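1. sequence-free structure coming up:
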């Protein structure tokens, strides 16, 4: 959150820090685009994410942090939930991170 109390979009950290967030297409955009009300459209957010050069970084970090809300790296709440479920099912099924039988 910035000094003015506004959220800077999904890529929260200060871009002057030089991390991947400094190159995010969403930086400085209205956060409501990525956090629509329940049942609202995520199309606008996904359009921005589709051309973002750091989309994979954003999604990976959101998955690592367990983000439950909003669009991160082009993936909606439901899509990230499906990714987590699939990963958990793979791990419980005796498959390692590379898809090989454990």
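-> Yes, it's here. The model shown is predicted, which means the values in this text are computed figures rather than measured ones.

2. all contacts plus neighbour counts: C-alpha atoms, from now on.
-> Fine.

3. Name the helix or strand of the chain that has the lowest mean pLDDT.
-> For the chain, counting by mean pLDDT, DSSP states H and E, helix 77-92 ranks last in confidence among helices and strands (a mean of 85).

4. Show me which positions of it end up buried.
-> Of the residues in helix 77-92, 77, 80, 81, 90 count as buried by neighbour count, 16 or more other CA atoms under 10 Å.

5. Equivalent analysis for stretch 60-67, please.
-> Buried-residue list, stretch 60-67, by 16+ other CA under 10 Å: 62, 63.

6. quick one: average confidence on that stretch?
-> For stretch 60-67, mean pLDDT is 92.

7. what residues does it touch?
-> 72, 73, 80, 84 (CA atoms under 8 Å, 6 or more residues apart in numbering).

8. As JSON lines, these with distance to residue 45 would be great.
-> Formatted as JSON lines, the contacts of stretch 60-67 follow (distance: CA to CA, whole Å):
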{"residue": "72", "distance to residue 45": "9"}
{"residue": "73", "distance to residue 45": "9"}
{"residue": "80", "distance to residue 45": "15"}
{"residue": "84", "distance to residue 45": "21"}
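
9. Find the residue ranges of this protein scoring beneath the pLDDT cut-off.
-> For the chain, the stretches with pLDDT under 70 are 1-18, 91-102.
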